[in-house]
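**Q** The following comprises the amino acid sequence and a computationally predicted model.
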Amino acid sequence: MTTETFEFQVEARQLLQLMIHSVYSNKDVFLRELVSNASDALDKLRLEKLRDDSLDADVSDLHIRIDVDKDARTLTVRDNGIGMSYEEVGRLIGTIANSGTATFLKELREAQEGGDAEGLIGQFGVGFYSGFMVADEVTLVTRRAGESQGTRWTSRGESTYTLERADDAPQGTSVTLHLKPADPENQLHDYTSPWKIREIVKRYSDFITWPIRMVPETAGEGDAAPEPETLNSMKALWARSRDEVSDDEYHELYKHISHDWREPLETIRLQAEGTFEYQALLFVPAHAPHDLFTRDFQRGVQLYVKRVFIMDDCEALLPPYLRFVKGVVDAQDLSLNVSREILQQDRHIRMMQRRLTKKVLSTIKEIKAKDADRYATFWREFGTALKEGLVTDSENRDAILAVSSFATTHAAEPTTLAQYVERMKDGQDDIYYITGESRESIENSPHMEVFRDKGVEVLLLTDAVDEVWVDAVGEYEGKKLRSVAKGEIDLDGKSDEKADGEREKQAEEYAGLLGWMQEQLDEDIKEVRLSARLTVSPACVVSDSHDLTPALENMYRAMGQEVPRTKRILELNPDHLFVKGLNQAYKEREDHSGLVESAELLHTLAVLAEGGRPKDPARFVKLVADRLERTL
Ligand code: ADP
C-alpha cells in the first residue's frame, strides 16, 4: 500500500504551529473538540440514513468511545459515524475553509506580539487541530459510511501529513493522540488517567446526546474485560428544569454549537406549551464573528425534533438581522424528515420565529435596563446587524428602536432616541442626524456648522444601513428624523421677523449671482440658493428632502440597480468673504465669463467638504494651482 505525503495549506500550517507551541492555557478543551466532532459525525450519519435507507451503514449502536493506554501514552476518540472518504480527509483536515481564517491569522500574529493570542484562539476555536496542544503525533483512521475502503492520516503537526489506504478501518473515525511526554510536575494533566478523562467529559460534554463510553481500568491481569461505562448523562439541557442546570453547563453547550471558545453574553430559555410545543435555548455571543457581514455567513440555530438533531443553521427560526444568535430549538411536532423548504412555509414555524424574535428583543431590553456595560458590549458587537431589522421588520420596529443607540454630538457615549428627545431644545421639532463614513469626517462637515453654532444635537450615523433605516422609520414619537444635509434648515424658527427681513434683503442682493451660477452648473446642480446652515464654509451641497443621498445612490449601484443621477442643491454662505467678493464682481462686471472658474471652484469645494470626489480631479487641481500661482 502506498503512502502519499502532502503539504498542509499555508494557513493550516500556521494554525498547527500555534497549537503545537500552544498559547492556550486550558489544554483540556482538546477533548471537548474531538468529542464535538465525533458527535457531529454521528448526527450526520443518522440523518443520511434517514434520508437514504439504502445506505450501507450500521446505525444500530451509534456512540463515541474513548480509550486510554498508559504504557503507550495514547488517547483515542472513536466514533462509528459518517466517517470521511480519502478525498475528504485531505480537504477537511489538510486545509482550513473558514473565510475568516486569513484575517484571523493576521490578527493572531499581531496579538502574539502583544501577548493576547489566547483570547483570539478562543474566539475562533480550531477544532481538530487542538489535539496538537497535547500530542506530538496524531493518527486518524476513518471510513466513510457506505464505502468499503478506509483512510489513514498521520501528522506530527509540522509541514506535512501522510495519507494511505486502510483496508481494515471500521465505519466512522478514530483519532489517536500520541501524547507528549508526561510532565512529572503536573500530574493534574495526565490524559491517560481515566479519572481525568471522566472529569473532562462530564464538564464539557455531558449534554452530548450520544453515549460517550470508556472502559474503566482493569483490576489486574487475567480479569474479564470490564463493561464500558457511559460517562455522560446525555440529557438535553433544554429539556431539564432551569434550576437543574448550571450556567457553566449552558456555556459548554454554547461552545459546542458555536465553535466559539468563549462564554456567551447571554443565555435565553423559552418553553412553549400548547398545540405546538417546543423548547428553545438561545445564546447571544459576546463577540461578533468576523464574517457576520459576508454573504456566506452561516446563520441560524440548530433544529431538533424530540431530542433528535435535524439540522444546523436553520434560517427559518430567526430573521436575518438576528443571525448572530446561536442555539437550539427542539420542536415536538415536526416530522423527522422535515426539509428547509417545508420549514420556510410552515405556519407553526413562522409563529415560532415571531415568538423567538420577540423573546430575543425583550432579553436585550432587559440587559439594557439592568447592565449598561453588558448592553454597551452587545451594541458595539451587534448593533449594526440589529439596525437592519428597523428596515425589514416593521412589526418589531419599536422594540428594536427601544434597544438601539447612536453616536451623537452630545457626548462620547451613544444615545437612545428617547434620551435625545428629552434633551431637545424648546422650539426644536425634529431629530437631526448626519450620515457619512466616519465620526471625524461628518463631525467637521459644513452641514454641521449652524448646528454646532446653536448647540443643536445631531446624531452621527456611520453604518451603511443607517442611510436606509432613517427613511424607513421616518419619525420617532411624532418627531421627524431629518438629515442635516437635506432640505432647508431653519433653526431660528418661523416667527423670527428680524431674521426674516435680513434674509429677504440678502436674497435680493444675491438674486443675480444665484441665477447665473445655476446656469453655469446646470449639469450637476438643480438650484443655487443662500444657506442657513453655514457659518464658516463658503458653500455646501445638499439634497432635496426626498432625494436619494449620494451614499445611497452608490449603494444601489453597487447592488447592480440602475438609479438616475440626482442633481443636488448648492448652498452659498452669504457672509463668507469669497462669496461676498464674487457677488460684488458679478454686479460690477458686464462680462461674467471671467467668473466661471470661481463658480466651478466653489461647487467643487462644497463637494470635497462633505467627503465627495471632484468630477474632474485633474481640472480642479489645475484651477487651484493657477490661483495659488497668482498669490505668489
Ligand atoms: P470544525 O469542526 O470547526 O469544522 P475541525 O477542524 O474540527 O473543524 O474539523 C474539520 C472537518 O473535518 C469537520 O467539519 C468535519 O467535516 C471533518 N471531521 C472532523 N472530525 C470528524 C469525525 N470524527 N468524523 C467525520 N468528520 C470529521
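**A** Now that the structure is in, tell me what you want to look at.

**Q** So for the helix or strand hosting residue 269, what gets flagged as buried?
**A** Using DSSP states H and E, residue 269 sits in strand 266-272. By neighbour count on 16 or more other CB atoms under 10 Å, the buried set for strand 266-272 is 266-270, 272. The way it works is simple: take the backbone N, C-alpha and C, and place the C-beta from them, glycine included.

**Q** tell me the mean pLDDT for it?
**A** Averaging pLDDT along strand 266-272 gives 95.

**Q** Then stretch 609-617?
**A** The average pLDDT within stretch 609-617 is 88.

**Q** can you list the residues of the stretch 251-400 of the chain near the ligand?
**A** residue 259 (CB under 6 Å from any ligand atom).

**Q** Tell me which stretches of the stretch 251-400 of the chain form strands.
**A** For the stretch 251-400 of the chain, the strands defined by DSSP state E, counting those that start in this stretch occupy 266-272, 278-284, 301-305, 308-314, 326-331.

**Q** quick one, which of these is nearest to residue 491?
**A** strand 278-284 (40.5 Å; CB to CB).

**Q** distance between the closest one and the chain's centre?
**A** Its chain's C-alpha centre and that of strand 278-284 lie 19 Å apart, by CA atoms, centre = their mean, to the nearest Å.

**Q** for stretch 527-535, same thing?
**A** With CA atoms, centre = their mean, you get 40 Å for stretch 527-535.

**Q** Likewise for stretch 147-154?
**A** Going by CA atoms, centre = their mean, where stretch 147-154 is centred and where its chain is centred differ by 37 Å.

**Q** Likewise for stretch 505-513?
**A** 52 Å.

**Q** so what's the residue in the stretch 151-300 of the chain positioned nearest to the ligand closest to, chain neighbours aside?
**A** Among the residues of the stretch 151-300 of the chain, residue 173 lies closest to the ligand, at 3.7 Å counting by CB to the nearest ligand atom. Closest residue to residue 173 apart from its sequence neighbours, by CB to CB, 6 or more residues apart in numbering: residue 142 at 4.1 Å.

**Q** now do residue 449
**A** Nearest residue to residue 449 in three dimensions, chain neighbours excluded: residue 535, at 4.4 Å (CB to CB, 6+ apart).

**Q** got the residues of the protein near the ligand?
**A** Contacts of the chain with the ligand, taken as CB under 6 Å from any ligand atom, map to 37-38, 41, 79, 81-84, 92-93, 127-129, 173, 259.

**Q** count of neighbours near whichever residue of the stretch 51-200 of the chain sits closest to the ligand?
**A** Going by CB to the nearest ligand atom, the ligand is nearest to residue 127 of the stretch 51-200 of the chain, at 2.1 Å. Number of residues near residue 127 (other CB atoms under 10 Å) recorded here: 19.

**Q** Which secondary structure element of the chain has the lowest mean pLDDT?
**A** helix 117-124 (a mean of 65; mean pLDDT, DSSP states H and E).

**Q** pLDDT below threshold where in the stretch 401-550 of the chain?
**A** 492-498 (pLDDT under 70).

**Q** Please apply the same query to the chain.
**A** Ranges of the chain meeting pLDDT under 70: 1, 22-23, 97-102, 112-125, 186-188, 217-223, 492-498.

**Q** According to the record, where do the domains of it fall?
**A** 3-230, 237-382, 406-483, 497-631 (automatic domain parsing).

**Q** right, so of these, which gets closest to residue 490?
**A** The nearest among these, by CB to CB, is domain 497-631 at 6.0 Å.

**Q** secondary structure class for the residue nearest to the residue of the stretch 51-200 of the chain closest to the ligand when sequence neighbours are not counted?
**A** Once flanking residues are discounted, residue 127 sits nearest to residue 33: 5.2 Å by CB to CB, 6+ apart. Following DSSP: H, G, I helix; E, B strand; the rest coil, residue 33 is assigned to helix.

**Q** likewise residue 482?
**A** Residue 482 ends up strand, using three-state DSSP.

**Q** Apart from its neighbours in sequence, what residue is nearest it?
**A** Closest to residue 482 by CB to CB, 6+ apart is residue 430, at 4.3 Å.

**Q** if I read this right, that neighbour contacts residue 483, doesn't it?
**A** No: assessed by CB atoms under 8 Å, residue 430 is found out of contact with residue 483, at 9.9 Å.

**Q** Just want to know which of those two has more residues nearby.
**A** residue 483 (23 against 16).

**Q** Now for the more buried one: which residues touch it?
**A** 432-435, 470, 543, 549 (CB atoms under 8 Å, 6 or more residues apart in numbering).

**Q** Ok, residue 381 next?
**A** 285-288, 324.

**Q** ok, back up a step: just the element for the residue of the stretch 151-300 of the chain closest to the ligand, please.
**A** Using DSSP H and E, residue 173 falls in strand 172-179.

**Q** circling back to that earlier point, let's have the buried residues of strand 266-272 in TSV, adding distance to residue 198.
**A** What follows is those, written out as TSV (distance: CB to CB, whole Å):
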residue	distance to residue 198
266	31
267	26
268	31
269	28
270	33
272	36
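
**Q** Relative to residue 473, how far out is the closest residue to the ligand within the stretch 501-632 of the chain?
**A** Closest contact between the stretch 501-632 of the chain and the ligand, by CB to the nearest ligand atom, is at residue 559 (31.2 Å). Distance, residue 559 to residue 473, by CB to CB, to the nearest Å: 21 Å.

**Q** Give me the more crowded residue out of those two.
**A** Comparing residue 559 with residue 473 by other CB under 10 Å, the one with more neighbours is residue 473, at 19 against 8.

**Q** surely the more buried one meets residue 479?
**A** No: with contact defined as CB under 8 Å, residue 473 and residue 479 do not form a contacting pair (11.1 Å).

**Q** Near residue 315, how many residues? Count them for me, please.
**A** Quick note: residue 315 (other CB under 10 Å) scores 17 neighbours.

**Q** show me the contacts for it.
**A** Contacts of residue 315 (CB under 8 Å, 6+ apart): 299-300, 340.

**Q** who wins for most neighbours among those?
**A** residue 300 (22 neighbours).

**Q** The strand holding residue 269 pairs with which strands?
**A** strand 278-284 (antiparallel) (DSSP bridges).

**Q** Need the CA coordinates for the strand it pairs with. PDB is fine.
**A** Output in PDB follows, covering the C-alpha atoms of strand 278-284 (Å, rounded to 0.1, in the frame of the first residue of the first chain):
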ATOM      1  CA  TYR A 278     -41.100  23.400  21.600                       C
ATOM      2  CA  GLN A 279     -38.200  24.400  23.800                       C
ATOM      3  CA  ALA A 280     -35.500  26.900  22.800                       C
ATOM      4  CA  LEU A 281     -32.100  27.600  24.300                       C
ATOM      5  CA  LEU A 282     -30.600  30.600  22.600                       C
ATOM      6  CA  PHE A 283     -27.300  32.400  23.100                       C
ATOM      7  CA  VAL A 284     -26.200  35.900  22.400                       C
END
